[in-house]
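Asks: Here you go, sequence then predicted model.
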Amino acid sequence: MSLKGSCLCGGIGYEIDGDLSPAMFCHCSKCRKSNGSAFALNSPVKASDFKLLSGEHLLRSYASSEDAKRFFCETCGSPIYSKRMSMPEILRLRVGTLDDDIAIEKVSHIFVASKAAWDDIHDDLPQFAERPE
């Protein structure tokens with residue numbers, strides 16, 4: 001499967017030549033702040049399957065912890081993916097940046113102990129206070 005995605009301004013374009021792993025809704029404060037929303041829907045993707053097609057010069061990163069960096073467009077601010085330095089072979093794609101319509105398996109809500117008080121979860125997916133082991 002080949003999927004394409006981009007940032008809001010279109011300066012960054014990417015392609016994924018492989019499968020998306022099941023996605024998780026992350027409610028941690030870092031995902032909320034970096035996405036400006038109640039959560040981020042993230043899907044693990046093999047770094048070897050991810051290819052920037054355009055805008056490499058626009059891609060910036062922010063070290064949100066000792067082990068994690070968040071990559072985003074310097075022009076429009078769209079979050080593209082995050083990566084743990086301890087797991088460089090896996091990217092956590094921000095599913096909302098995909099241009100292709102897909103049916104993606106959603107498996108859980110994580111970091112619900114720190115979810116926004118004004119947000120309600122309205123599905124039957126498993127919920128975890130932190131990241132499950």
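Replies: Arrived safely.

Asks: C-alpha from now on. contacts and neighbour counts both.
Replies: Noted.

Asks: Arg60 reaches Thr75, doesn't it?
Replies: No. Using CA atoms under 8 Å, Arg60 is not in contact with Thr75; the gap is 9.7 Å.

Asks: OK, contacts around Pro132?
Replies: Listed by CA atoms under 8 Å, 6 or more residues apart in numbering, the contact set of Pro132 reads Ile110.

Asks: Go again with 10 Å.
Replies: Going by CA atoms under 10 Å, 6 or more residues apart in numbering, Pro132 touches Ser108, His109, Ile110, Phe111.

Asks: Quick check: closest non-adjacent residue to the most centrally placed residue in the chain.
Replies: Closest to where the C-alpha atoms of the chain average out (CA atoms, centre = their mean) is Arg94, at 2.6 Å. In space, and not counting its chain neighbours, Arg94 is closest to Asn42: 5.0 Å by CA to CA, 6 or more residues apart in numbering.

Asks: how far away is the one you found from Ser61?
Replies: Distance of Asn42 to Ser61, computed by CA to CA, to the nearest Å: 17 Å.

Asks: export the contacts of Pro132 to CSV and tack on neighbour count, secondary structure and distance to Arg70?
Replies: Converted to CSV, these look like this (neighbours: other CA atoms under 10 Å; DSSP: H, G, I helix; E, B strand; the rest coil; distance: CA to CA, whole Å):
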residue, neighbour count, secondary structure, distance to Arg70
Ser108, 18, strand, 21
His109, 27, strand, 20
Ile110, 21, strand, 18
Phe111, 19, coil, 17
